[in-house]
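Engineer: generate coordinates for the sequence data below:
(one chain, ligands or ions: 1)
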Amino acid sequence: MTVVRTPLVVGNWKMNGAFETNRVLIEALLASLGQQTLPEIGVCPPLPYLPQIGALLAETPIGWGAQTVSEHRGGAYTGQVSASMLQDLGCRYAIVGHSERRQYCGETDEQVAAQAMAALDAGLVPIICVGESAEQKASGHTLAVIDRQLAPLLLTLAGVADEGTGVVIAYEPVWAIGTGKTPTPDGVQVVHAHIRQRLMAAGLVQTRILYGGSVKASNAETLFALPDVDGGLIGGAALDAQEFSTICTAAANCAA
Ligand code: PEP
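Structural biologist: The predicted structure follows:
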């Protein structure tokens, strides 16, 4: 089987945005990307803005998605949004297991695996976040934490998720998110190679692994050139059209 891992860059806007600033940002991004060769690109705005972003991106190759999704298919789950509802909104992606959801909403590894499966079942590409805290890194537990986070996911996904774009894993060290700190390139590659080995053992040979955590225009190319890095999940820099566009260009250059 030929393994094709198209680079992917996804912007996680978190809880930022308003109709007017969203429009300005998307228009500036489209102008900045122009006609250049692009990687696969997605943006994940807050839920209420998905229809607006979908309309702005409808005639473009850029996809859109949500920052979380319920593991439930429907029913009495006040405040939750199902994968099929996101599918109705034209979403291509659903981020699941972001460290902020794990931290502030108590999402567990098992719940994240169930969310990923719900997304897949509805035809969405789940972008599943894993990563260690500063304390876990300091005590030398990075790979053990990644293994623990991946375990229910690999059990759930083995054999079902390797068609086409399948699922995406995002390695996001918690201590690197929004801090301006990043691991060394060697440090990133070691973790990505470890994740790759776990994915291969589960038969997930096409699964892309993104790096996330303080990716900027200035460091994107170095990170994306690493052999097991297939693009990035971008937080703060996704709110700046020029920065995000340069990051997308870096991913396209690394694929070329
Ligand atoms: C994120 O929150 O997914 C993220 C990667 O944030 P930042 O790029 O701002 O570190």
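Engineer: what's the pLDDT at the residue of the chain found nearest the ligand?
Structural biologist: Here the chain gets closest to the ligand at one residue, residue 235, 2.1 Å apart by CB to the nearest ligand atom. Placement of C-beta: from N, CA and C, glycine included. Note on residue 235: pLDDT of 98.
Engineer: kindly report the same for residue 161.
Structural biologist: 55.
Engineer: on that earlier part again, count of residues packed around the residue of the chain closest to the ligand?
Structural biologist: 21 (other CB atoms under 10 Å).
Engineer: if I read this right, it contacts residue 180, doesn't it?
Structural biologist: No - the pair residue 235 / residue 180 is not scored as a contact, 11.4 Å apart, by CB atoms under 8 Å.
Engineer: list the buried ones in stretch 204-215?
Structural biologist: 204, 206, 207, 208, 209, 210, 211, 212, 213, 214, 215 (16 or more other CB atoms under 10 Å).
Engineer: ok, those vs residue 80, which is closest?
Structural biologist: The closest of the buried residues of stretch 204-215 to residue 80 turns out to be residue 212 (CB to CB; 24.0 Å).
Engineer: wait, doesn't the closest one sit right on residue 168?
Structural biologist: No - checked against CB under 8 Å, the pair residue 212 and residue 168 is beyond contact range at 10.8 Å.
Engineer: residues contacting the nearest residue to residue 183 once chain neighbours are set aside?
Structural biologist: Spatially, and ignoring its direct neighbours in sequence, residue 183 is nearest to residue 173 (6.1 Å; CB to CB, 6 or more residues apart in numbering). Going by CB atoms under 8 Å, 6 or more residues apart in numbering, residue 173 touches 131, 132, 137, 142, 183, 191, 213.
Engineer: for the ligand, what are the nearby residues on the stretch 151-256 of the chain?
Structural biologist: Residues of the stretch 151-256 of the chain found near the ligand (CB under 6 Å from any ligand atom) are 172, 177, 178, 212, 213, 214, 215, 233, 234, 235, 236, 237.
Engineer: how about JSON lines for the residues you listed, with secondary structure added?
Structural biologist: Below are these laid out as JSON lines (DSSP: H, G, I helix; E, B strand; the rest coil):
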{"residue": "172", "secondary structure": "coil"}
{"residue": "177", "secondary structure": "coil"}
{"residue": "178", "secondary structure": "coil"}
{"residue": "212", "secondary structure": "strand"}
{"residue": "213", "secondary structure": "coil"}
{"residue": "214", "secondary structure": "coil"}
{"residue": "215", "secondary structure": "coil"}
{"residue": "233", "secondary structure": "strand"}
{"residue": "234", "secondary structure": "strand"}
{"residue": "235", "secondary structure": "coil"}
{"residue": "236", "secondary structure": "helix"}
{"residue": "237", "secondary structure": "helix"}
